[in-house]
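Enquirer: No letters, just coordinates:
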Ligand SMILES: Nc1ncnc2c1ncn2[C@@H]1O[C@H](COP(=O)(O)OP(=O)(O)OP(=O)(O)O)[C@@H](O)[C@H]1O
Ligand SMILES: Cc1ncc(CO)c(N)n1
């Protein structure tokens, strides 16, 4: 199986392209990549961003797609509307599963998506996406709704589905409480929740990228959306709860442990 990630490079290796490729590898799929921006980044923060030209994003997309039989694609940091429009125009009508992780702001506060790009994300990319995996602040920006209650979460998910997405996974990593809860909304089906214990750690750099990459790998292998989100939740939970403790700030997660533990992880689904 071959997957493609279209995202930014994290020189610190914990998020972006690097997290995606490591996750693909551990889940037994071959990862290819299109780099939208270089970030000078480590566990202490983002120190610089150097975006790729749209022409070079297009050249990378063409190089990968004309040679490889890609079976699922994910997007991460897309940085500006030109890049979003180029990616959407290239992927439109290809009929490939597309997982959009609408990356906006790094945990340290750096902006990874220009403000003017929200419309392009909503009008060009999400209408051709299979799955969208926002955290709560990202879901608020996309839906234009503040989310404080279960009802507001449900309405925001419906707003995102109405843009054309088949499935929305609302990631609850940023919420308070002793559980890490994600709400899964699949068009026409009863919503469900995936729940694990929240692991107390500051080493959660790249959790969103890792989750969406695992989801992409499982979809590439032919799993159903329900099975794929469950496996992705196991992958990211094991990666968070077995920290590597590297770097001087908010460190990366552990991409190796899922295979070492043969994916054994308790996730409650209700
Ligand atoms: N401390 C934690 N313990 C267990 N699971 C967690 C923890 N923090 C996040 N998760 C899980 O990790 C996954 C990613 O969620 P999160 O909300 O952190 O994404 P994100 O904000 O997009 O991440 P990023 O900062 O990489 O953009 C979700 O499945 C979430 O429930
Ligand atoms: C390149 C990149 N993509 C995504 C994130 C979000 O975790 C990050 N910090 N850096």
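Expert: Yep, it's here. The structure presented is a predicted model; accordingly, all values stated were derived computationally and were not measured. Ligands and ions are numbered 1, 2, ... in the order given.
Enquirer: Helices of the stretch 51-200 of the chain, residue ranges please.
Expert: 54-67, 81-91, 118-120, 136-143, 150-161 (DSSP state H, counting those that start in this stretch).
Enquirer: what angle separates the first one from helix 81-91?
Expert: For the pair helix 54-67 and helix 81-91, the angle between their directions (axes from the mean of the first three to the mean of the last three Cα atoms, to 10 degrees) equals 20 degrees.
Enquirer: Could you list the buried residues of helix 54-67?
Expert: 54, 57-58, 60-61, 64-65 (16 or more other Cβ atoms under 10 Å). (C-beta placed from N, C-alpha, C; glycine too.)
Enquirer: which helices and strands does that helix pack with?
Expert: Here helix 54-67 touches strand 2-10, strand 30-42, helix 81-91, going by 3 or more Cβ pairs under 8 Å, 6 or more residues apart in numbering; DSSP states H and E.
Enquirer: Just name the most buried of these.
Expert: strand 2-10 (a mean of 26; mean count of other Cβ atoms under 10 Å).
Enquirer: Which positions in the chain make contact with ligand 1?
Expert: 15, 103, 107, 135, 171-174, 180, 182, 196, 198-199, 201, 204, 206-209, 211, 233, 236-237, 240 (Cβ under 6 Å from any ligand atom).
Enquirer: Restricting to these, which residues neighbour ligand 2?
Expert: 15, 103, 206, 208-209.
Enquirer: of those residues, closest to ligand 1?
Expert: For those, the minimum distance to ligand 1 (Cβ to the nearest ligand atom) is 2.2 Å, reached by residue 208.
Enquirer: returning to what we had before: out of the residues of the chain next to ligand 1, which are buried?
Expert: Buried members of the residues of the chain next to ligand 1, scored by 16+ other Cβ under 10 Å, are 15, 103, 107, 135, 171-173, 180, 182, 196, 198, 204, 206-209, 211, 233, 236-237, 240.
Enquirer: Which of the helices or strands spans residue 243?
Expert: Counting by DSSP states H and E, no helix or strand carries residue 243.
Enquirer: Check the gap between it and ligand 1 for me.
Expert: 10 Å (Cβ to the nearest ligand atom, to the nearest Å).
Enquirer: does the closest residue in space to that residue that isn't next to it in sequence count as helix, strand or coil?
Expert: Distances taken as Cβ to Cβ, 6 or more residues apart in numbering place residue 203 nearest to residue 243, at 4.3 Å, with adjacent residues excluded. Assigned with DSSP: H, G, I helix; E, B strand; the rest coil, residue 203 falls in the coil class.
Enquirer: what about the stretch 101-250 of the chain, any weak spots by pLDDT?
Expert: Counting by pLDDT under 70, the stretch 101-250 of the chain contains no low-confidence residues.
Enquirer: change it to 80
Expert: 173-176 (pLDDT under 80).
Enquirer: how about the residues of it near ligand 2?
Expert: So the stretch 101-250 of the chain meets ligand 2 at 103, 106, 112, 206, 208-209 (Cβ under 6 Å from any ligand atom).
Enquirer: try 8 Å
Expert: Residues of the stretch 101-250 of the chain lying close to ligand 2 (Cβ under 8 Å from any ligand atom) are 101, 103, 105-108, 110, 112, 205-209.
Enquirer: now residue 48, nearest residue through space, not along the chain?
Expert: residue 40 (4.0 Å).
Enquirer: Spit out the contact partners of that neighbour.
Expert: Residue 40 sits next to 11, 46-50 when contact means Cβ atoms under 8 Å, 6 or more residues apart in numbering.
Enquirer: go again using 10 Å as the cut-off
Expert: Contacts for residue 40 were tallied using Cβ atoms under 10 Å, 6 or more residues apart in numbering; they are 9-12, 46-50.
Enquirer: List buried residues within those.
Expert: Buried residues within those, counting neighbours by 16+ other Cβ under 10 Å: 9-10, 12, 46, 49.
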